[in-house]
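Chemist: Quick one: sequence and predicted model below, then my questions.
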Number of protein chains: 2
Amino acid sequence: MKISELAKRTGLSAHTIRYYERIGLLPFADRDAGGQRDYDEAILVWIGFLKRLKTTGMPIREMLLYAELRAQGDQTGPQRRKLLELHRERVREHLAELEASLLVLDTKIDTYVEAEKRTQNHDNSTQIRRNQIGARAARS
Amino acid sequence: MKISELAKRTGLSAHTIRYYERIGLLPFADRDAGGQRDYDEAILVWIGFLKRLKTTGMPIREMLLYAELRAQGDQTGPQRRKLLELHRERVREHLAELEASLLVLDTKIDTYVEAEKRTQNHDNSTQIRRNQIGARAARS
DNA sequence: CTAGGGGTTTGAGCGCACTCTAAGTCAAGG
DNA sequence: CCTTGACTTAGAGTGCGCTCAAACCCCTAG
């Protein structure tokens, strides 16, 4: 698979894929006869995991550390586990903050909705008054 | 309250508070006799809300838009409500992604934990074998 | 009177994560 | 053969959100 297809399948741009390779997040890609990057499906799994880390706010520096540990082989498993556990804790905290903020947002939106309802009611009263005046006018 | 106290009470730096004022996120502060910024408690509520927006990932540009609408008075209520509703939807989506990623993280960590258990068991078996050998050696 | 510890301004600098540019190579189709 | 278009590189540029530097002002305590 060439870089443009990998880009399409991962949602990353070709630029970003090269950038990730350059900084060490992705392994150096194999090249075809023409010297162009030629990817194996396997890379999709790794990129998928990187995207999870990114989604959860892990800085590239730390992904890089993870990638380096991974490249060093099985004996770095415990370090990688600890890194992920620390990260998970941060994500949980962030999640809790988000949920709290979402409640605040709900409340705030509600106050706007209530304010709009009141305005709506005022309009209605005005409308009713107009109708009454109109009715009176019609009667006279 | 002077800027350093406001900084302490909001968790923002004095630098950041001045920056927020400069770009329009905070109203121009009143000054005391010596020309120094002198804040009223009321600012804490606004900063608190800004921090919620920030926590939930709203870009400064958009907070700025919200702040400008707010400064224009009550009649911008509906626009502000819509802005917050759109933002809330994005936050909910992000929250869902985070939760999904958290599950992936859990699974990944589990595989490391399992791998370590196996290593541990190997050690144990080795240990047992050693003991057995030791026992045999002791018997002989 | 002076030193210290606030505060003030304008504008430059920084870290992050891309994103793009320029100049070049290569393979396939007309 | 020539054009087209996807690829290559090194390195510059971008947008965001701060963060800091330099030079200055002002109040208070010793």
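Modeler: Arrived safely, thanks for sending. Residues are numbered from 1 along each chain as shown, chains lettered A, B, ... in the order given.
Chemist: what is the orientation angle of the lowest-mean-pLDDT helix or strand in chain A with helix B:77-139?
Modeler: Of the helices and strands making up chain A, the lowest-confidence element is helix A:77-139, at a mean of 83, by mean pLDDT, DSSP states H and E. Using axes from the mean of the first three to the mean of the last three Cα atoms, to 10 degrees, the inter-axis angle of helix A:77-139 relative to helix B:77-139 is 160 degrees.
Chemist: Against DNA strand C - does helix A:77-139 have any residue that ends up touching it?
Modeler: No. Using Cβ under 7 Å from any atom of the strand, helix A:77-139 never reaches DNA strand C; the gap is at least 12.6 Å. Using the backbone N, CA and C atoms, a C-beta is placed for each residue, glycine as well.
Chemist: so what secondary structure elements neighbour that helix?
Modeler: When contacts are defined as 3 or more Cβ pairs under 8 Å, 6 or more residues apart in numbering or on different chains; DSSP states H and E, helix A:77-139 sits against helix A:60-71, helix B:42-55, helix B:77-139.
Chemist: need the ones you listed in TSV with mean neighbour count, can you?
Modeler: Output for these, formatted as TSV (neighbours: other Cβ atoms under 10 Å in any protein chain shown):
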stretch	mean neighbour count
helix A:60-71	16
helix B:42-55	16
helix B:77-139	13
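Chemist: Reformat those into JSON lines and put distance to DNA strand D next to each item.
Modeler: As requested, those are exported to JSON lines (distance: least, Cβ to the nearest atom of the strand, whole Å):
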{"stretch": "helix A:60-71", "distance to DNA strand D": "12"}
{"stretch": "helix B:42-55", "distance to DNA strand D": "6"}
{"stretch": "helix B:77-139", "distance to DNA strand D": "13"}
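Chemist: Reformat the ones you listed into a markdown table and put distance to B:Ala14 next to each item.
Modeler: Formatted as a markdown table, the helices and strands packed on helix A:77-139 follow (distance: least, Cβ to Cβ, whole Å):
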| stretch | distance to B:Ala14 |
| --- | --- |
| helix A:60-71 | 28 |
| helix B:42-55 | 13 |
| helix B:77-139 | 28 |
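Chemist: what about the least confident helix or strand of chain A, distance to the chain center?
Modeler: 21 Å (Cα atoms, centre = their mean, to the nearest Å).
Chemist: quick check: angle from it to helix A:60-71?
Modeler: 140 degrees.
Chemist: tilt between helix A:77-139 and helix B:42-55?
Modeler: Going by the same axes, to 10 degrees, helix A:77-139 makes 120 degrees with helix B:42-55.
Chemist: which residues touch the residue positioned nearest the centre of chain A?
Modeler: With distances taken as Cα atoms, centre = their mean, the residue of chain A nearest its centroid is A:Thr55 (5.1 Å). Contact partners of A:Thr55, counting by Cβ atoms under 8 Å, 6 or more residues apart in numbering or on different chains, are B:Glu97, B:Leu98, B:Ser101.
Chemist: What's the separation between the second one and A:Glu85?
Modeler: Spelled out, it's B:Leu98. Between B:Leu98 and A:Glu85 the computed distance is 17 Å (Cβ to Cβ, to the nearest Å).
Chemist: do the first one as well
Modeler: When Cβ to Cβ is applied, the distance between B:Glu97 and A:Glu85 equals 20 Å.
Chemist: Check A:Tyr19 too.
Modeler: For A:Tyr19, the distance to A:Glu85 - Cβ to Cβ - is 28 Å.
Chemist: burial of A:Ile17, as a residue count?
Modeler: 22 (other Cβ atoms under 10 Å in any protein chain shown).
Chemist: isn't there a strand covering it?
Modeler: No. Secondary structure of A:Ile17 (DSSP: H, G, I helix; E, B strand; the rest coil): helix, not part of a strand.
Chemist: doesn't A:Arg9 make contact with it?
Modeler: No. At 10.7 Å, A:Ile17 does not count as touching A:Arg9 under the criterion of Cβ atoms under 8 Å.
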